[in-house]
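S.K.: Task: produce atomic coordinates for the following.
(chains A and B, ligands or ions: 2)
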Amino acid sequence: MNEQYDIVIIGAGPAGMAAAKLCGSTGASTLLLDEQSGPGGQIYRGIENPAIVDPNILGSDYYKGTELAEGLRQASIDYRPGAKVWQVSSDNATDKEVSFSEGGIVHIVSAKRIIIATGAQERPFPLPGWTLSGVMNAGAAQILLKTSAIAAENAVFIGSGPLLYLIVRQYLLAGVPIKAVIDTNPLSNYLRAAPYLINGLSEYKTLVKGQRWIKEIKKSGVPFINGVKELRLSGSESVESVEYTTGGEWNKLDTDNVFLHQGVVPSVNLTMSMRCTHKWCNTQLCWCVVTDAWCETDIAGVFVAGDGATIVGAIAAEHLGTIAALGALHQLGLLDEVGRDSQAESHRKVLLKGFGFRKFLDRLFQPPRQFRIPKYGDTVVCRCEEVTAGKIREIIKLGCTNPNQMKAFSRCGMGPCQGRFCGLTVSEMISQELELPVQKVGYYRIRRPVKPVLLGELGRFKIKELEPVKIGDHCGEILK
Amino acid sequence: MFKAIDDKGIKALVSIKVDGNSYDVTGGETVASAMLQLGFNNLRNTPVKGKARSAFCMMGVCFDCLVVVDGLSDQQACMTAVQEGMDIKRQKGSAELFSLSDISREVIK
Ligand SMILES: Cc1cc2nc3c(=O)[nH]c(=O)nc-3n(C[C@H](O)[C@@H](O)[C@H](O)COP(=O)(O)OP(=O)(O)OC[C@H]3O[C@@H](n4cnc5c(N)ncnc54)[C@H](O)[C@@H]3O)c2cc1C
Ligand code: FES
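M.R.: Ligands and ions are numbered 1, 2, ... in the order given. Presented below is the predicted three-dimensional model:
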C-alpha cells in the first residue's frame, strides 16, 4: 500500500467493484477499501465463499456477483478488505485524506480523487417493541443465510418491497417454515404507481419476476396478510408475539423471531460528515446526495456512486460505478473527453431504462406514514439512547425546530449508531408536527469519525511502511 | 433460534468462551452468528434502561450487538470474526472504561 493514490474507492459492492476494475485497467494507482472480509457489498455478500451449497436458494441474481468479484481480483489495484473508513477530509482542494482502521491499526492515505460507494442500509421501522431481542431487519436474516447458512423457523416477516419478497422466497426455497408474512403495502400505493406503469414496462421481465415471487409466496401456504393498519411487537425481553389490526380488529401471532423491512435508504453518514450537499427526496423519502452527470458531488473530486447516493438497485449501481470512474479518470488526465463520453454511452442507455422502472417501484413500495412515524408515545425512536416518540413530540412542543436541537435536548441521535436508525424518523416527525418541508427541517450535523475508533487503535497509528497485501491472501483469511 | 439449513460440510471448529463457558463453533462465523446459533437471545443490556438487546442489522450500522471481546468493550459482534480462544462476554450497561494501564499497554504495542 502506498501513502498516496490517484483514486481511493470506498465500498466493494457492485458500484465500487465496477469502478475499481476500470480504474485498474487505465494504470491509475487505485486503492479499494471495504470493511467486510471479502468483496460483494450487500447484494453479493460472501460471494467468494457462499455458505449455502444449493445455488437455487439465493438464486441466479446472487451469483452474478462472481464475475464482478473475479474481475476485481484480477485488476491491478490495491484491495484491502477489513478496512473500516471512519473519516474522509476534503478540506484540501487537491488532495483528500482517507483515514481507516484495519486489524486494530489506523492508516491514513491521501487521494487525488475519491469514489464513495458505501451503499444503503435498511430503513428504520419504528414499531412498538422493535427493540426486543429476536426482532431483526429482514436484510439481517438474509446476511445470516448468505454468510452462515442459518435461518430461524416460524418467523414472521413484516413490511413491503422487493427485497422483503426476495428474502421470504429464499427462506421458502431453503425449506424453512415461515409463520406468516404481514404485507404493510397499502392499496393506495397501487393507484399512486399506476400512472408510472408505462415506465415500468421497460423492465417488464423484472416486473413479471416480482409478480411471480409474490404468487409463489401466496401459493406456498404461508399466511399472507394484507391491509394491516397497526402493528405491535410484544414480549418481556425477547419478542413473543406480533399483534396487528385488519379491518379494525386486533389479531395475534406467537413467534420468537420477527424480520422487519420497508425498503433501503442511502447510508449518508460519511457524505454528511464531509458536508456534501444532500437533498430530501419526496418519493424515496430519504436523503440523497446531490451529484452531477459523472456522480461528482459539490465537493470537487469527490464522487458518490450506487445506492449510497440515491437508491437505484444493484445493476444501476454497477453502471454508475463505471461512470464515476470515467469522470474521475478524465479529471486525472488519463482519459480524454471523447473517450470518456463514448465509453459512458452504453452505460447511460441501461441507466435510462432502469430509472423509468425505479420511478414506478419507488411509488409502488413507498412505506406508509403510520409505519415511518410512530403513533404511540411509548414507541422507541432512538434505539441507542432509548428516546421515545412521546419525548420527541414533547420537545417539539417546547419549540424545538430541528434535529440538532433535538439531539441537545434529548440525546436522540447521540449514541454509537450516530442517528442511522432514528435520523429519518426525527426529521419526518419535526416536519409533520411543525408542518414544514423535511428539506427545511434538515438532518443531524454528522461528525467525524463516522465509525467509532478505539483509543488503542489511535495508539497504533501508521502512515507508511505497510505490508503489501497479496491477492489471494484474503480468501485464506476468511477460511481461518 | 437460528439453525443450519443444510449440512455445511466439514469445516474447522474453533473454541470460544462466552460468559466463561466454552463452546466449539464453526470457523469463519462472526461472533454474532455464532452466538445466535448457540441460542444466546441477548447480546447485551442497554446503558440507559438496562434492556436486553440482540443483533438487529448484522451489517455494522445499528450498534445493538456490542459485546466485550478479550477484555475490550463495545465490539460489534456482527463485524468481528470468531478466533480460537476468543473470550466473549455479554456487555452489561455502558462500556467499561479503559484502565490507564490498558491504554499504555496498547500504545506501547
Ligand atoms: C442488508 C441488505 C441486503 C440487501 N440484499 C440485496 C439483495 O439480495 N438483492 C438486491 O437486489 N439488493 C439487495 N440490497 C440492496 C443493495 O443496496 C443493492 O442495491 C446493492 O448492493 C447496492 O450496491 P452498492 O455498490 O451501491 O453498495 P453495497 O453493495 O451496499 O456496497 C457498499 C459496501 O461499502 C462498504 N462500506 C460501507 N461503509 C463503509 C465504511 N465506512 N468503510 C468501509 N467500507 C464501508 C460495505 O461494507 C459494503 O460492502 C440489500 C441491501 C441491504 C442493506
Ligand atoms: S447487529 Fe447492527 S451493528 Fe451489529
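S.K.: Read off the pLDDT value for the residue of chain B found nearest ligand 1.
M.R.: With CB to the nearest ligand atom, the shortest gap between chain B and ligand 1 falls at residue B:59, namely 5.3 Å. From N, CA and C alone the C-beta is placed, and that goes for glycine too. pLDDT for residue B:59: 98.
S.K.: Now do the SS call for residue 24.
M.R.: No chain was given, so I picked chain A. Assigned with DSSP: H, G, I helix; E, B strand; the rest coil, residue A:24 falls in the helix class.
S.K.: Let me rephrase: I mean chain B.
M.R.: Residue B:24 falls in the strand class when you classify it by three-state DSSP.
S.K.: Could you list the low-pLDDT ranges of chain B?
M.R.: B:7-10, B:95-109 (pLDDT under 70).
S.K.: Now do the strands in it.
M.R.: Assigned by DSSP state E, chain B shows strands spanning B:2-4, B:13-18, B:21-26, B:44-45, B:52-53, B:66-69, B:72-76, B:87-92.
S.K.: do you know which of those strands lies nearest residue A:354?
M.R.: Minimum separation from residue A:354 across the strands of chain B (CB to CB) falls at strand B:72-76, 33.5 Å.
S.K.: how far off strand B:87-92 does the closest one point, in degrees?
M.R.: When axes from the mean of the first three to the mean of the last three CA atoms, to 10 degrees is applied, the directions of strand B:72-76 and strand B:87-92 differ by 80 degrees.
S.K.: does chain A sit close to strand B:72-76?
M.R.: Yes. Using CB under 8 Å from any CB of the partner chain, strand B:72-76 reaches chain A at B:72, B:74.
S.K.: Show me what that strand is packed against.
M.R.: Counting contacts by 3 or more CB pairs under 8 Å, 6 or more residues apart in numbering or on different chains; DSSP states H and E, strand B:72-76 is packed against strand B:66-69.
S.K.: The strand it packs on vs ligand 2: in contact?
M.R.: No. Strand B:66-69 lies out of reach of ligand 2 by CB under 6 Å from any ligand atom, never closer than 7.8 Å.
S.K.: what sits up against that strand?
M.R.: Surrounding strand B:66-69, the residues in contact under the criterion CB atoms under 8 Å, 6 or more residues apart in numbering or on different chains are A:416, B:31, B:35, B:43-44, B:73-77, B:80, B:86-91, B:95-96.
S.K.: And for stretch A:375-388?
M.R.: Contact with stretch A:375-388 is made by A:126-128, A:130-131, A:230, A:374, A:389-393, A:410-417, A:421-422, A:425-426, A:429, B:46, B:48-49, B:51, B:56, B:62-64, as judged by CB under 8 Å, 6+ apart.
S.K.: Please enumerate the strands of the stretch 351-480 of chain A.
M.R.: A:380-382, A:387-388, A:461-462 (DSSP state E, counting those that start in this stretch).
S.K.: in its sheet, what does the second one sit against?
M.R.: By that I understand strand A:387-388. Strand A:387-388 sits in its sheet next to strand A:380-382 (antiparallel), going by DSSP bridges.
S.K.: Pull the distance from the longest strand along chain A to the chain's centre.
M.R.: Looking across chain A with DSSP E, the single longest strand is strand A:105-116. Remark: strand A:105-116 is offset 21 Å from the chain centroid, using CA atoms, centre = their mean, to the nearest Å.
S.K.: before we move on, what about stretch A:221-232?
M.R.: Relative to its parent chain, stretch A:221-232 has a centroid offset of 25 Å by CA atoms, centre = their mean.
S.K.: all helices for the stretch 251-400 of chain A, in order.
M.R.: Assigned helices in the stretch 251-400 of chain A, in chain order: A:269-273, A:314-331, A:337-364, A:389-397 (criterion: DSSP state H, counting those that start in this stretch).
S.K.: So which elements touch the third one?
M.R.: Packing contacts for helix A:337-364, counted by 3+ CB pairs under 8 Å, 6+ apart, involve helix A:188-193, helix A:197-200, helix A:314-331.
S.K.: contacts for the second one?
M.R.: In other words, helix A:197-200. Applying CB under 8 Å, 6+ apart, the contact partners of helix A:197-200 are A:193, A:207, A:356, A:357, A:359, A:360, A:361.
S.K.: Find the nearest non-adjacent residue to residue A:4, please.
M.R.: Closest residue to residue A:4 apart from its sequence neighbours, by CB to CB, 6 or more residues apart in numbering or on different chains: residue A:110 at 5.0 Å.
S.K.: tell me the pLDDT at whichever residue of the stretch 351-480 of chain A sits closest to ligand 2?
M.R.: The minimum distance from the stretch 351-480 of chain A to ligand 2, using CB to the nearest ligand atom, falls at residue A:417 (7.6 Å). In this prediction, residue A:417 carries a pLDDT score of 96.
S.K.: ok, it touching residue B:59?
M.R.: No. Residue A:417 is not in contact with residue B:59 according to CB atoms under 8 Å; the separation is 11.7 Å.
S.K.: Filter the contacts of stretch A:375-388 down to just the ones in helices.
M.R.: Judged by DSSP state H, helices contain the following of these: A:389, A:390, A:391, A:392, A:393, A:410, A:425, A:426, A:429.
S.K.: which of those residues count as buried?
M.R.: When those are checked for burial by 16 or more other CB atoms under 10 Å in any protein chain shown, the buried set is A:389, A:391, A:392, A:393, A:410, A:425, A:426, A:429.
S.K.: Reformat the residues you listed into a markdown table and put pLDDT and distance to residue A:245 next to each item.
M.R.: Shown next, in a markdown table, are these (pLDDT from 0 to 100; distance: CB to CB, whole Å):
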| residue | pLDDT | distance to residue A:245 |
| --- | --- | --- |
| A:389 | 98 | 19 |
| A:391 | 98 | 25 |
| A:392 | 98 | 24 |
| A:393 | 98 | 22 |
| A:410 | 96 | 30 |
| A:425 | 98 | 21 |
| A:426 | 98 | 26 |
| A:429 | 98 | 22 |
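S.K.: how about CSV for those residues, with distance to chain B added?
M.R.: Below are those laid out as CSV (distance: CB to the nearest CB, whole Å):
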residue, distance to chain B
A:389, 16
A:391, 12
A:392, 15
A:393, 19
A:410, 12
A:425, 14
A:426, 16
A:429, 19
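S.K.: Can you pull the phi/psi pair for residue B:86?
M.R.: Main-chain torsions, residue B:86, degrees, to the nearest 10: phi -60, psi 140.
S.K.: Next: residue A:160.
M.R.: Per degrees, to the nearest 10, the backbone of residue A:160 is at phi -160, psi 170.
S.K.: List, one by one, the residues from chain B near ligand 2.
M.R.: B:55-58, B:60-65, B:76-78.
S.K.: tell me the contacts of residue B:3?
M.R.: Shown in contact with residue B:3 (CB under 8 Å, 6+ apart): A:150, A:151, A:152, A:153, B:37.
S.K.: Counting neighbours, which of those residues comes out on top?
M.R.: When neighbours are taken as other CB atoms under 10 Å in any protein chain shown, the top entry among the contacts of residue B:3 is residue A:150 (25 neighbours).
S.K.: Name the nearest residue to that residue, ignoring sequence neighbours.
M.R.: Leaving out its chain neighbours, the residue that sits closest to residue A:150 by CB to CB, 6+ apart is residue B:2, at 4.4 Å.
S.K.: how many neighbours does that neighbour have?
M.R.: 20.
S.K.: Please apply the same query to residue A:212.
M.R.: For residue A:212, the count of nearby residues is 12 (other CB under 10 Å).
S.K.: what do you get for residue A:241?
M.R.: By other CB under 10 Å, the residues close to residue A:241 number 16.
S.K.: What residues does it make contact with?
M.R.: Applying CB under 8 Å, 6+ apart to residue A:241 gives the contacts A:233, A:234, A:235, A:252, A:253, A:254, A:255.
S.K.: Name the residues of stretch A:355-372 that come out as buried.
M.R.: A:356-368, A:371-372.
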